[in-house]
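> Need coordinates for the below:
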Amino acid sequence: MISTMIYQLLKGATVEELKEAGLDSHYTEHKRALFPVDSNGVPFTVSYFATTGDPLADLMEDMAAEQKARATYENLIDLTNDPDVIGPLLWLRQREIVHFQRFKELYEMYEKKNY
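Residues are numbered from 1 along each chain as shown. The predicted structure follows:
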């Protein structure tokens with residue numbers, strides 16, 4: 001969804017507007033194509049996904065990821081006043097909250113089984 005929002009926000013932007021927005025280096029390498037990177041320009045990689053085979057440890061990591069995503073969406077909401085951007089971000093934020101709750105329920109179930 002974030003990629004779609006970025007695509008929609010950049011659609012129709014002139015090269016000059018992209019330069020003014022600080023996106024000239026992105027345009028140089030990718031034109032208007034989406035290329036998943038973090039806010040520092042570090043490309044996405046699955047190298048940071050960790051699994052241990054221990055359900056409790058892995059679920060705790062999943063719960064932390066949901067909280068980090070929620071916080072990121074809240075930070076993005078703070079950076080805009082565009083209701084067409086805020087609406088989807090609020091939906092994504094709520095989705096992370098629900099995911100966290102479901103992972104927590106599963107964690108508690110496994111914890112009771114002494115995994």
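> average pLDDT across the helix ranked longest in the chain?
The helix of greatest length in the chain, counted in residues with DSSP state H as the criterion, is given as helix 83-112. Average pLDDT, helix 83-112: 96.
> That one - contacts with which helices or strands?
The contact analysis (3 or more Cβ pairs under 8 Å, 6 or more residues apart in numbering; DSSP states H and E) places helix 83-112 against helix 2-10, helix 55-78. All C-beta atoms are positioned from the backbone trio N, CA, C, and that covers glycine.
> Give the full set of residues in contact with the most centrally placed residue in the chain.
When Cα atoms, centre = their mean is applied to the chain, the residue found nearest the centroid is residue 69 (5.3 Å). Counting by Cβ atoms under 8 Å, 6 or more residues apart in numbering, residue 69 touches 92, 96.
> could you redo the last one with a cut-off of 6 Å?
residue 96 (Cβ atoms under 6 Å, 6 or more residues apart in numbering).
> May I have the phi/psi pair for residue 49?
Here is the backbone geometry of residue 49 (degrees, to the nearest 10): phi -70, psi 130.
> got the domain boundaries for the chain?
1-47, 49-115 (automatic domain parsing).
> Pick the most deeply packed of these.
Comparing the domains of the chain by mean neighbour count (mean count of other Cβ atoms under 10 Å), domain 49-115 ranks first with a mean of 14.
> quick check: angle from the lowest-mean-pLDDT helix or strand in the chain to helix 55-78?
In the chain, the helix or strand scored least confidently by mean pLDDT, DSSP states H and E is helix 2-10, which has a mean of 85. Helix 2-10 runs at 10 degrees relative to helix 55-78, counting by axes from the mean of the first three to the mean of the last three Cα atoms, to 10 degrees.
> list the contacts for residue 99?
residue 66.
> Please export the C-alpha coordinates of the host helix or strand of residue 28 as CSV.
Secondary structure from DSSP states H and E places residue 28 in helix 24-30. Extracted as CSV, the C-alpha positions of helix 24-30 are listed here (Å, rounded to 0.1, in the frame of the first residue of the first chain):
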residue,chain,number,x,y,z
ASP,A,24,16.7,13.6,-8.3
SER,A,25,19.1,10.8,-7.4
HIS,A,26,16.2,8.4,-7.2
TYR,A,27,15.0,9.6,-10.6
THR,A,28,18.5,9.1,-12.0
GLU,A,29,18.6,5.4,-11.1
HIS,A,30,14.9,4.4,-11.2
